[in-house]
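Undergrad: The following comprises the amino acid sequence and a computationally predicted model.
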Amino acid sequence: MSDVYAQPTTGAKPDSECHLAPYTTLRLGGVADRVVTATTADDIVQAVREADGPVLVLAGGSNVVIGDAGFAGTVVLVRSRGVRVLDEDDDTVTVRVEAGEPWDDLVARTVANGWSGLECLSGIPGSTGATPIQNVGAYGQEVAETITGVQVYDRVAGTTDRIAAADCGFAYRSSIFKYSDRWVVLSVDFRLGRSPLSGPIRYAELARSLGVEVGGRVPLADARATVLRLRAGKGMVLDGVDPDTWSVGSFFTNPVLDRAAYERLRERAADIGEPPAWPSTGDTVKVSAAWLIDKAGFGKGHPGLGGVAISTKHTLALTNRSGTATTAALVALAREIRDGVQSRFGVTLHPEPVLVNCAI
């Protein structure tokens, strides 16, 4: 699969003014004061250290919403590459992957090599370095299950360190890295199984599509191909000619409610059916954000003003459908949806992407 960056290289000269929209999958974002391309971990550290003023580290641009005013500072484009084996035995292999390595290229490589653990994360756009920040997950897998450590540049201490997985604060679509400017991810270590078969299939839709029971295992290539097909059907595989994919994927996370809040939701939804939900950590319940959005009156294709819309394939994706919209228009649509769900069900949706110089 080709590089899934919104734009893999920059024609802008260092120190020159540069529009950021081409570097995001939403095709949105204003102008940066300065753009620097970093092709190695050392380059990333040097660019961040030498930047005069605010710094935005930008890789695949698939999980970020940049405001129309752009970024008043230096944008460091992470374009480092490389995968190397650190350790291996009969059952496992541990690999170190540079932050700029395109994620789906890595997944394809692990499947081809007979390394199990990432196959259900196929088709996700963006970079490997972004995956621990978000604790990327899909179809029953999360990267936290295979990450053993993250190499970072600590901007406070001025040092390069390795943070063990246990200290990364991994949670649902979150980590210690997500809302902090302290750490810049340089590379990620993964421990994967040596097996021609996938891990146990946990996601019911994927199990049905593969023709196995939940908990069953299938050839790695079958799992990858089926996930890619399912994601493409939802507009969740980046496609330059399909405006349904000009998004950040899921814009809202699935709400995690305590039992009392979940019972209140059930009462408010009693006239339309049982809200889809799954057990979460502790005594909490994870609820489908897509269901809440749809039942609050925002169906597939729901238009906003100014050329934005909900994807025609998936209610969780907000798209720059015209290709000429503004971030302000996208944020207004997100706000309309959030407020509508809150009014109908008493549940507050929270954005999944990182918002830069904009807010809902």
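TA: Yep, that arrived.

Undergrad: ok, what's across the strand from residue 78?
TA: residue 38 (DSSP bridges).

Undergrad: ok, it - contacts?
TA: Going by Cβ atoms under 8 Å, 6 or more residues apart in numbering, residue 78 touches 38, 44, 57, 58, 59, 99, 100, 127, 129. (Each C-beta comes from the backbone N, C-alpha and C, glycine too.)

Undergrad: Let me know the secondary structure of the last one.
TA: Translated: residue 129. Secondary structure assignment for residue 129 (DSSP: H, G, I helix; E, B strand; the rest coil): helix.

Undergrad: Quick check: it touching residue 99?
TA: Yes - using Cβ atoms under 8 Å, residue 129 makes contact with residue 99 at a distance of 2.7 Å.

Undergrad: where do the contact lists of these two overlap?
TA: With Cβ under 8 Å, 6+ apart applied, the overlap between the contact sets of residue 129 and residue 99 consists of 59, 78, 185, 186, 187, 188.

Undergrad: hang on, the last one in a strand?
TA: Yes - when classified by three-state DSSP, residue 188 is found to be part of a strand.

Undergrad: mind giving me the domain ranges of the chain?
TA: 18-78, 83-233, 243-356 (automatic domain parsing).

Undergrad: Same list (these) but as JSON lines, adding mean pLDDT.
TA: Below are those laid out as JSON lines (pLDDT from 0 to 100):
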{"stretch": "domain 18-78", "mean pLDDT": "96"}
{"stretch": "domain 83-233", "mean pLDDT": "97"}
{"stretch": "domain 243-356", "mean pLDDT": "96"}
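
Undergrad: Most distant residue from the centre of the chain?
TA: What lies farthest from the middle of the chain is residue 271; by Cα atoms, centre = their mean that is 33.9 Å.

Undergrad: List the contacts of that one.
TA: Contacts were defined as Cβ under 8 Å, 6+ apart; by that measure residue 271 touches no other residue.

Undergrad: What backbone torsions are found at it?
TA: Note on residue 271: its backbone torsions stand at phi -80, psi -10 [degrees, to the nearest 10].

Undergrad: quick one: it from residue 154, how far?
TA: As for residue 271, its distance to residue 154 is 52 Å (criterion: Cβ to Cβ, to the nearest Å).

Undergrad: now the spatially most central residue of the chain, nearest residue through space, not along the chain?
TA: For the chain, the residue nearest the mean C-alpha position is residue 63 (5.1 Å; Cα atoms, centre = their mean). Excluding the flanking residues, the one nearest residue 63 by Cβ to Cβ, 6 or more residues apart in numbering is residue 353, at 4.7 Å.

Undergrad: and the one you found, how far is that from residue 326?
TA: 16 Å.

Undergrad: same deal with residue 135?
TA: 30 Å.

Undergrad: next one: residue 146
TA: Residue 146 sits 38 Å away from residue 326 when distances are taken as Cβ to Cβ.

Undergrad: Those two: which is more packed in?
TA: Taking other Cβ atoms under 10 Å, residue 146 and residue 326 do not tie; residue 146 has more neighbours (25 against 19).

Undergrad: what sits against that one?
TA: Neighbouring residues of residue 146 by Cβ under 8 Å, 6+ apart: 117, 118, 190, 191, 192.

Undergrad: give me that answer again for 6 Å
TA: 117, 190, 191, 192 (Cβ atoms under 6 Å, 6 or more residues apart in numbering).

Undergrad: Show me these that map onto strands.
TA: 190, 191, 192 (DSSP state E).

Undergrad: JSON lines for those, including distance to residue 90 and neighbour count?
TA: Shown next, in JSON lines, are the ones in strands among the contacts of residue 146 (distance: Cβ to Cβ, whole Å; neighbours: other Cβ atoms under 10 Å):
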{"residue": "190", "distance to residue 90": "18", "neighbour count": "26"}
{"residue": "191", "distance to residue 90": "14", "neighbour count": "19"}
{"residue": "192", "distance to residue 90": "13", "neighbour count": "20"}
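
Undergrad: So which bits of stretch 330-343 are buried?
TA: Residues of stretch 330-343 classed as buried: 330, 331, 332, 333, 334, 337, 338, 340, 341 (neighbour count, 16 or more other Cβ atoms under 10 Å).

Undergrad: can you list contacts of that stretch?
TA: Outside stretch 330-343, the residues that touch it by Cβ under 6 Å, 6+ apart are 292, 293, 296, 298, 304, 308, 318, 348, 349, 358, 360.

Undergrad: of the residues you listed, closest to residue 161?
TA: Nearest to residue 161, judged by Cβ to Cβ, of the contacts of stretch 330-343 is residue 358 at 31.1 Å.

Undergrad: tell me the pLDDT at that closest one?
TA: Looking at residue 358, its pLDDT stands at 97.

Undergrad: ok, it touching residue 66?
TA: No - between residue 358 and residue 66 there is no contact under Cβ atoms under 6 Å: 7.2 Å.

Undergrad: Same drill for those two, tell me which one is more crowded.
TA: Legend: neighbour count by other Cβ under 10 Å for residue 358 and residue 66, higher for residue 66 (28 against 18).

Undergrad: returning to that earlier point: distance of the residue nearest to residue 63 from residue 245?
TA: Residue 353 sits at a distance of 15 Å from residue 245 (criterion: Cβ to Cβ).

Undergrad: Over to residue 43?
TA: Distance of residue 43 to residue 245, given as Cβ to Cβ: 30 Å.
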